[in-house]
Structure formats: structure tokens, C-alpha cells
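A.B. asks: What would the 3D arrangement of this be:
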Amino acid sequence: MNHRWLGLLLGAVLWSPAVLAHDFRAEKLVNGVKQARVVSYPATLSFTFTATNIHPTLDSILLTAMDPLLTACTLSPAPPLTVPVGGHVTYQCEFTIPTYEACIALGELDTNPSSPSEEVSFTNVFGITWDNGAAQDGVNVLCVQERIRECDDTVYISTASSTGGGLPSAPSRLFTFDPVAGTLSPLGDAGMPYNALAFNHIDGFLYAIAADGVSQPNFIRVDANGSAQVIAPVVSGAANSAVWAAGAILGDGTYLGYESQSNHLVRINTTTGAVLSDVIVGTTLTFAVADFAVNPLSGLLYGFNGATQRVTVIDPVLGTFVDFLLPTVINGSRSVGNTMVSAVFSAAGQLFFYGTTNANNSLANTFYAVNLVTGAFTVVSNGPVTQFADGATCAFPPPPPAVRPPKVTRDHAFFGSNVAALGECMSRGPVDLGGLGKVTSPEVALGVLWANPVISKSGEVRSEVDSLKVKIARELLTATCNQRCFGTVAPVVSGLDTWMELNPQSMGQALGTLVKHNRSGSDKAVPLSKEGWKLDPLPAQERAVEPRY
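C.D. replies: Predicted structure coming up:
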């Protein structure tokens with residue numbers, strides 16, 4: 001795709017190269033402002049760049065104008081060109097960002113991307129040159145993944161074409177389901193097949209496991225447009241060929257996933273994708289569920305056990321299960337050979353299944369209400385036939401909004417570049433980093449803040465654990481400096497007090513908490529008394545003394 005920078009010149013344009021170049025001022029805007037926040041996709045951004053001749057008496061020649069990030073945009077008319085006294089040339093370009101992933105891809109091209117985080121931004125800089133001079137100006141675009149709609153009783157269904165063996169043969173598609181009309185409304189496609197869908201009331205995203213029965217499965221996050229982002233591989237005792245069928249979110253926001261090949265039930269941290277526990281539920285002969293849901297009133301899992309044709313209750317921690325005493329009946333007739341591919345609870349504690357019927361137990365096309373005393377099913381509506389399907393809804397209430405908006409925070413680059421801010425932070429005394437040691441001087445602090453997580457100053461490639469230590473240390477120091485300089489209380493993180501506790505799982509969880517905190521108040525202005533504009537990273541890097549963890 002080739003976009004054109006359309007040039008709008010005010011004042012006569014002189015093309016004579018004999019006119020000497022003098023002075024320009026550069027100005028860049030996106031959607032008319034310095035920072036744009038993208039919260040829904042596709043999104044069209046309007047970039048404008050203005051070069052103004054600020055010489056009081058002479059015309060100036062604009063030799064070059066360039067945007068290294070948005071290379072698809074071309075300049076018209078192209079420099080060199082002469083701008084008269086008081087005149088300016090403005091270039092405009094419409095640029096469409098189709099998905100959140102595309103926005104992130106632009107961020108990865110930035111010289112200083114803030115990935116990984118929940119909110120990733122990229123800086124777009126436009127530069128100009130003239131004889132004996134240059135100028136540039138930039139704008140910032142904040143990429144925000146679009147959260148699912150409000151936490152309510154909306155039922156979400158994911159489907160994908162599948163083979164005769166039950167494996168997916170195409171990427172999954174996300175829908176909302178209308179229980180009254182029995183219809184599906186599409187939200188969007190993912191670039192991969194997934195199942196075990198669950199709604200997280202904590203952050204407003206859907207989570208699932210992407211698996212094709214061949215390669216290692218991945219834990220993913222699904223947004224309001226149905227697009228998926230891989231968080232981490234699922235590391236469990238199950239084989240790669242396992243079909244992950246059931247998923248649910250517990251009250252604390254952690255995810256439960258179940259695969260039906262060897263009956264592994266895993267609990268996953270939704271921020272890092274780390275597997276927190278892995279237990280076996282029954283055997284393939286005694287326990288077979290295609291989906292389950294968490295009862296918000298009791299915290300227990302409910303599903304339909306195809307092995308016994310009964311509603312079953314599972315302990316999410318122990319992995320034990322107890323079937324209802326009575327076999328399930330559907331509209332008065334005993335269930336025979338049925339499978340319930342989707343399970344959802346309402347916030348009021350009502351259980352619903354989507355699955356097959358006695359008339360045809362190979363087609364899942366019926367929505368049922370379940371009696372939690374007898375286990376009996378009542379048909380609510382008939383819907384479309386679904387394959388490789390799963391369902392989810394938001395059963396738990398979302399967390400209450402913060403009483404106060406977040407205070408000012410800045411990231412490690414700010415404290416690594418602002419001598420005054422870092423000096424104020426270190427003037428309060430050493431900073432305790434738990435099992436990673438103490439920061440006792442500004443030079444050591446700069447070493448912590450500027451340390452490369454991938455390679456040390458001596459050229460040694462860091463291991464995964466050492467890389468996590470570098471990231472954790474700088475975020476801990478940054479959180480402490482945010483508290484000392486701006487009064488924004490640092491979060492309490494566990495598992496970092498001694499070197500024995502420094503394992504990838506504990507560090508990964510703490511890192512996510514700290515990064516989110518240190519960027520939570522980035523849109524708040526630094527008090528003028530702090531002189532936050534005095535940033536000079538090069539001398540700071542020269543003073544840095546790299547620590548050894």
C-alpha cells in the first residue's frame with residue numbers, strides 16, 4: 001500500500017536553487033494532536049507535518065523531508081523546494097491500522113518500543129534538513145487492545161471447521177449468541193484455531209488455548225474483534241496432540257483449562273501464561289466433559305459428563321469430581337449419548353449448556369437451561385450447528401473502579417535520563433531489591449536502569465533467568481523512584497525476597513505487575529518543580545556501573 005503525503009504550500013513556491021537556505025521549524029501532529037490513542041480497529045490516523053520558514057527576511061530551501069517509520073507514505077511535491085519568508089509546506093497522509101497486531105508491529109519498528117505491556121506505544125518522527133541545518137518533531141500513538149464489551153450475561157461462542165477426528169481445520173471465529181432468537185452474530189476471526197474459551201471479569205478479555213493437535217499449544221488472549229494474541233506456550237503434562245476442550249476463569253482471575261485426551265486440568269496465570277498447577281481429573285472412561293463453567297456463587301466447576309450422562313461438579317483446586325445422583329433428562333426424556341460443547345453461568349448462578357439432542361447427538365445446535373437440584377435440562381432455543389465450539393460469559397462482577405485516578409509515574413528511561421529525579425530518589429537512601437541486592441549509589445542505579453536484558457556490557461549473552469533479573473531489578477528500582485519522587489505507592493510483589501525465590505514463575509508474575517504500575521500514570525503531567533524536561537541519557541549511560549545479580 002502506497003500512501004501519498006499531500007503537500008499544501010502557503011505562499012509562492014520558488015524552485016530556483018540559487019536561493020540560499022536558512023531556517024525552518026518542524027511540527028508534526030496525528031489527528032490534530034501530539035498523542036493519539038487507538039482503542040478500536042481498524043483505525044485511520046491522519047498524520048500532518050509542517051515545515052515553516054522562520055527566517056525573518058530570506059527564503060529557505062527545504063532539502064529533505066523524511067519519515068523513517070511510515071515509509072509507505074510518499075511526499076508530493078517532493079523536496080528540494082523553496083519556501084518564501086513566512087510561508088510553510090504541510091504534508092498530509094491518511095494511514096489505516098487494521099488490527100491491534102498491526103499497531104504493535106509499528107511499535108516494534110520504533111527505536112524505543114515499550115513492548116511488552118498491555119498498552120504499547122510508538123513514536124513517529126518526521127525530520128527535515130536544509131543547508132547547514134536540520135529539525136524534527138514527533139507524535140506518539142498509543143496502541144490499546146480493544147476489550148470485550150461490558151461484563152454482563154452476553155454469551156460468546158467460538159467455532160471453527162473441524163475434521164472427522166475432532167481437530168480444527170481452520171481458524172476460529174468469535175460470535176455473540178442470542179438465546180432468545182437462537183442466532184449467532186460474528187465479531188471477528190482469529191489467525192489460529194482455539195478452544196476452551198473463558199471470559200475474564202478482571203480485565204475484560206476472553207482467554208483460550210490455541211491447539212491444532214500437532215504443535216505445542218499456546219495460551220492466548222482474544223479481544224472484542226475476535227483477534228488473538230499469544231501470551232505463552234502451555235507447558236503441561238499433556239501431549240501436543242491433546243485437544244483442549246474446556247476453559248473457565250476463577251474468581252481471582254486465573255484461568256483453568258482441561259484437555260480430554262489424558263484429562264489434564266491446568267491453572268494458568270493470565271498475565272504471564274505460566275502454568276500454576278496441573279492435575280489429572282478422573283480417567284477417560286469415567287470423566288469426559290467438552291466444557292465447564294464456574295458457579296460464581298460457590299466457585300466450583302460445573303460441566304456435563306458425557307461418560308455418565310450426568311451433570312458433574314469439579315473441585316478446581318484438587319481436580320476431584322462428583323456426578324449428580326440422577327441421570328440427566330431433557331424435556332422429560334433421559335439423555336442418551338449427548339455432548340455439551342459449551343457451558344456458561346449467569347451472574348445469578350444459572351447454568352446453561354449448548355450441545356446435542358437425543359434426536360441427533362452428533363450435531364451441537366441446542367441451548368439448554370439446567371436445574372441445579374435435579375440436573376434436568378430444559379430447551380431454551382435451537383441455534384445453528386457448531387463445530388469445534390466453546391462458550392463463555394462474564395459470571396463474576398468486575399472489580400470496582402479505583403477510588404482515585406492513578407498518580408504520576410514514569411518508566412525506567414525517565415529516571416535513567418533525568419539526573420535530578422534519580423538524585424532525589426537516591427537521596428532517600430539505598431533501594432532494597434530483595435534477592436537481587438541493594439542499589440547504594442546513583443552510578444549503580446544508572447547501571448540497573450540501563451542494563452541490557454539480552455547481553456551484558458562484557459558481551460555475555462544472558463540466560464532467560466538472568467534476563468528476567470535485569471528486567472525485574474529496573475522495574476523495582478523504577479517503582480521505588482516513582483514512590484519517592486511522585487508519591488505513587490509501589491505495589492507489593494511477592495516471591496522476590498531471597499535469591500532462592502527468584503524463579504521464572506515468580507519473577508514473571510512480579511514483572512507484569514511492576515510494568516503495569518510504572519506505566520499507569522504516564523499520562524499524568526510531571527510537576528513543573530521536578531523539571532522533567534531535563535533529559536540527557538548519554539552522560540547517564542557513561543556514568544552507569546552495571547551490577548551483577
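A.B. asks: Mind giving me the packing neighbours of the longest helix along the chain?
C.D. replies: When the chain is parsed with DSSP state H, its longest helix is helix 464-486. Under the contact definition 3 or more CB pairs under 8 Å, 6 or more residues apart in numbering; DSSP states H and E, helix 464-486 sits against helix 412-417, helix 419-426, strand 431-432, helix 442-450, helix 504-518. (Glycine included, C-beta is placed from N, CA and C.)
A.B. asks: a markdown table please, covering those and showing mean pLDDT, distance to residue 212 and mean neighbour count.
C.D. replies: Output for the helices and strands packed on helix 464-486, formatted as a markdown table (pLDDT from 0 to 100; distance: least, CB to CB, whole Å; neighbours: other CB atoms under 10 Å):
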| stretch | mean pLDDT | distance to residue 212 | mean neighbour count |
| --- | --- | --- | --- |
| helix 412-417 | 90 | 38 | 22 |
| helix 419-426 | 91 | 49 | 18 |
| strand 431-432 | 90 | 46 | 16 |
| helix 442-450 | 92 | 42 | 23 |
| helix 504-518 | 85 | 25 | 20 |
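A.B. asks: Return the set of buried residues in the longest helix of the chain.
C.D. replies: 466-486 (16 or more other CB atoms under 10 Å).
A.B. asks: Likewise for stretch 542-549?
C.D. replies: Buried-residue list, stretch 542-549, by 16+ other CB under 10 Å: 544, 546, 547, 549.
A.B. asks: and which of the residues you listed is nearest to residue 220?
C.D. replies: Lowest distance from residue 220 to the buried residues of stretch 542-549 (CB to CB) belongs to residue 549, with 31.7 Å.
A.B. asks: my guess is the closest one meets residue 434, correct?
C.D. replies: No. Between residue 549 and residue 434 there is no contact under CB atoms under 8 Å: 11.1 Å.
A.B. asks: Quick check: closest non-adjacent residue to residue 147.
C.D. replies: residue 204 (3.7 Å; CB to CB, 6 or more residues apart in numbering).
A.B. asks: That neighbour belongs to a helix?
C.D. replies: No. Using DSSP: H, G, I helix; E, B strand; the rest coil, the assignment for residue 204 is coil, not a helix.
A.B. asks: Could you give the number of residues near it?
C.D. replies: Using other CB atoms under 10 Å, residue 204 has 18 neighbouring residues.
A.B. asks: you'd agree it is up against residue 144?
C.D. replies: No. When contacts are counted by CB under 8 Å, residue 204 is not listed as touching residue 144 (11.6 Å).
A.B. asks: Okay, now the unreliable bits of the stretch 401-549 of the chain?
C.D. replies: Scanning the stretch 401-549 of the chain with the threshold set as pLDDT under 70 gives 401-406, 495-502, 523, 525, 528-529, 531-533.
A.B. asks: how about 80 then?
C.D. replies: Applying pLDDT under 80 to the stretch 401-549 of the chain picks out residues 401-407, 494-507, 522-535, 548-549.
A.B. asks: list residues touching both of residue 204 and residue 144?
C.D. replies: Shared contacts of residue 204 and residue 144 (CB atoms under 8 Å, 6 or more residues apart in numbering): none.
A.B. asks: Roughly how far does residue 225 sit from residue 465?
C.D. replies: Distance, residue 225 to residue 465, by CB to CB, to the nearest Å: 36 Å.
A.B. asks: so residue 480 sits right up against residue 431, yeah?
C.D. replies: Yes. Assessed by CB under 8 Å, residue 480 is found in contact with residue 431 at 4.9 Å.
A.B. asks: Can you pull the residues that touch both of these two?
C.D. replies: Looking at what touches both residue 480 and residue 431 (by CB under 8 Å, 6+ apart), the common residues are residue 425.
A.B. asks: mind checking the SS state of residue 457?
C.D. replies: Applying three-state DSSP: residue 457 is coil.
A.B. asks: That one contacts residue 546, doesn't it?
C.D. replies: Yes. Residue 457 is within contact range of residue 546, at 4.7 Å (criterion: CB under 8 Å).
A.B. asks: would you turn the helices and strands packed on helix 464-486 into a markdown table with distance to residue 537?
C.D. replies: Compiled in a markdown table, the helices and strands packed on helix 464-486 are given as follows (distance: least, CB to CB, whole Å):
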| stretch | distance to residue 537 |
| --- | --- |
| helix 412-417 | 4 |
| helix 419-426 | 10 |
| strand 431-432 | 20 |
| helix 442-450 | 8 |
| helix 504-518 | 17 |
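A.B. asks: so residue 259 bridges to which residues?
C.D. replies: Residue 259 has these beta-bridge partners by DSSP bridges: residue 244.
A.B. asks: Show me this structure divided up by domain.
C.D. replies: 3-144, 155-327+385-392, 412-543 (automatic domain parsing).
A.B. asks: Single out the most deeply packed of those domains.
C.D. replies: Among the domains of the chain, domain 155-327+385-392 has the highest mean neighbour count (mean count of other CB atoms under 10 Å), at a mean of 20.
A.B. asks: what mean pLDDT does that domain have?
C.D. replies: Here domain 155-327+385-392 scores 91 as its mean pLDDT.
A.B. asks: Remind me what the helix or strand harbouring residue 29 packs against, helices and strands.
C.D. replies: Per DSSP states H and E: residue 29 is located in strand 24-30. If you count contacts as 3+ CB pairs under 8 Å, 6+ apart, strand 24-30 packs onto strand 43-53, strand 119-130, strand 133-144.
A.B. asks: what's the spacing between residue 425 and residue 473?
C.D. replies: With CB to CB as the criterion, residue 425 and residue 473 are 14 Å apart.
A.B. asks: Residue 209 touches residue 196, doesn't it?
C.D. replies: Yes. Using CB under 8 Å, residue 209 makes contact with residue 196 at a distance of 4.6 Å.
A.B. asks: list the residues that contact both of these two?
C.D. replies: In contact with both residue 209 and residue 196: 244, 247, 257, using CB under 8 Å, 6+ apart.
A.B. asks: In TSV, list those residues along with distance to residue 94.
C.D. replies: Shown next, in TSV, are these (distance: CB to CB, whole Å):
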residue	distance to residue 94
244	42
247	40
257	42
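A.B. asks: Where among the helices and strands packed on strand 24-30 is average confidence lowest?
C.D. replies: Taking mean pLDDT as the measure, strand 119-130 is lowest among the helices and strands packed on strand 24-30, coming in at a mean of 56.
A.B. asks: For burial, what's the neighbour tally of residue 380?
C.D. replies: That count, for residue 380 with other CB under 10 Å as the rule, works out to 16.
A.B. asks: In a strand, it, correct?
C.D. replies: Yes. Under three-state DSSP, residue 380 sits within a strand.
A.B. asks: Run through the bridge partners of residue 137.
C.D. replies: Applying DSSP bridges, one finds that residue 137 bridges with residue 126.
A.B. asks: mind checking how far it is from residue 86?
C.D. replies: Distance of residue 137 to residue 86, computed by CB to CB: 19 Å.
A.B. asks: For residue 98, give me its contacts.
C.D. replies: Residue 98 neighbours (CB under 8 Å, 6+ apart): 41, 42.
A.B. asks: if I look at it, how far off is residue 451?
C.D. replies: From residue 98 to residue 451 the distance is 36 Å (CB to CB).
A.B. asks: Kindly report the same for residue 376.
C.D. replies: 62 Å.
A.B. asks: before we move on, what about residue 417?
C.D. replies: 15 Å.
A.B. asks: what are the ranges of the strands in the stretch 201-350 of the chain?
C.D. replies: Using DSSP state E, counting those that start in this stretch, the strands of the stretch 201-350 of the chain run over 206-210, 218-222, 228-233, 244-249, 255-259, 264-268, 275-280, 292-294, 301-305, 310-314, 321-323, 329-330, 333-334, 340-345.
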